[in-house]
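*Asks:* Sequence and predicted structure below; questions after.
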Amino acid sequence: MADGQGEAGAGGGWKTNLLAALVGLTIGVGGMLMANGYFIRSYLLEHPEILPEAMERLRTRESAALIDRNRAALETPFHSAWAGAADSDVVLVEFFDYACSFCRASNADVARLLREDPRLKVVWREYPVLGPDSEQAAIASLAAARAGRFREFHDGLFATARPTPTAVEAARAGVGLPPSPATEEFRQEIRRNEALARSIGASGTPVFVIGDEVILGAVGYDALRRAIANARAAASS
């Protein structure tokens, strides 16, 4: 009996020691976490300049995830609303509005990139956000895309000051297209582009999507070329 009681007493002591060790480990880990949290907070307070960089990295990761979820829809053109290499290694997607002066200015930059980069593909997406004239111009542009004459119409209309009804009709006649009604196909494409723009956090024009990057505004030729180079480097790494 005494031996049995002694064995039981030894087992109870072992369990007690294990429990004490686990409690100590938990307290120790909690203390380390608290200490690390205090250290991180103190470091951020002493070096606030790293916060914008951290936020930018977070924004970049979030943008990349949004683009990946919508890439096929973003990079699939509406009929002939694209130019460049069919087997490209980088796709530049532009959301644009014919009434947007910044889009008009960016058109020359995009044309230059297409001339200089034989591996680039550009996909244009109608995003008429500036009123009724914008929407009517977008419908005429979609009709030109369906007819295989998008680029001629696109450049012709951007060569004018504003997409007035007269200017749209002149651009349409210039590529030999008759007037086209606002078919359900065109309305659906505009709604699809609006949803795609919202999905990547875009509300105005122009908006460029290159690789995993969303670029807001008319940033110019050099910035677009850098984004293309970055996308190409990321794809080959």
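*Replies:* Thanks, I have it.

*Asks:* Mind jotting down where the strands sit in the chain?
*Replies:* Ranges of strands in the chain, per DSSP state E, are 82-84, 90-96, 120-126, 207-210, 213-216.

*Asks:* for this protein, what helix or strand is lowest in average pLDDT?
*Replies:* helix 2-46 (a mean of 50; mean pLDDT, DSSP states H and E).

*Asks:* ok, now how distant is Phe205 from Glu184?
*Replies:* One correction, residue 205 is Thr, not Phe. To Glu184, Thr205 is 24 Å away according to Cβ to Cβ, to the nearest Å. All C-beta atoms are positioned from the backbone trio N, CA, C, and that covers glycine.

*Asks:* One more: Ala65?
*Replies:* 32 Å.

*Asks:* Which residues are in contact with the residue positioned nearest the centre of the chain?
*Replies:* In the chain, the C-alpha nearest the mean C-alpha coordinate belongs to Val214, at 3.8 Å (Cα atoms, centre = their mean). Counting by Cβ atoms under 8 Å, 6 or more residues apart in numbering, Val214 touches Ser63, Leu66, Ile67, Ile200, Gly201, Ala202, Val207, Phe208.

*Asks:* ok so, going back, the more surrounded of Ala65 and Glu184?
*Replies:* Per other Cβ atoms under 10 Å, whichever of Ala65 and Glu184 has more neighbours is Ala65, with 11 against 8.

*Asks:* list the buried ones in stretch 107-115?
*Replies:* Going by neighbour count (16 or more other Cβ atoms under 10 Å), the buried part of stretch 107-115 is Asn107, Asp109, Val110, Ala111, Leu113, Leu114.

*Asks:* Check stretch 87-97 too.
*Replies:* The neighbour-count check on stretch 87-97 (16+ other Cβ under 10 Å) flags Ser88, Val90, Val91, Leu92, Val93, Glu94, Phe95, Phe96, Asp97 as buried.

*Asks:* right, and the fourth one touches Leu113 too?
*Replies:* Yes - with contact defined as Cβ atoms under 8 Å, Leu92 and Leu113 form a contacting pair (7.1 Å).

*Asks:* and for the two, which residues touch both?
*Replies:* In the contact map built from Cβ under 8 Å, 6+ apart, the residues linked to both Leu92 and Leu113 are Leu120, Val122, Leu224, Ile228.

*Asks:* quick one on the thing from earlier: could you say which one of the strands of the chain comes nearest to Glu189?
*Replies:* Glu189 lies closest to strand 120-126 among the strands of the chain, at 6.7 Å (Cβ to Cβ).

*Asks:* how does the protein divide into domains?
*Replies:* 2-48, 64-236 (automatic domain parsing).
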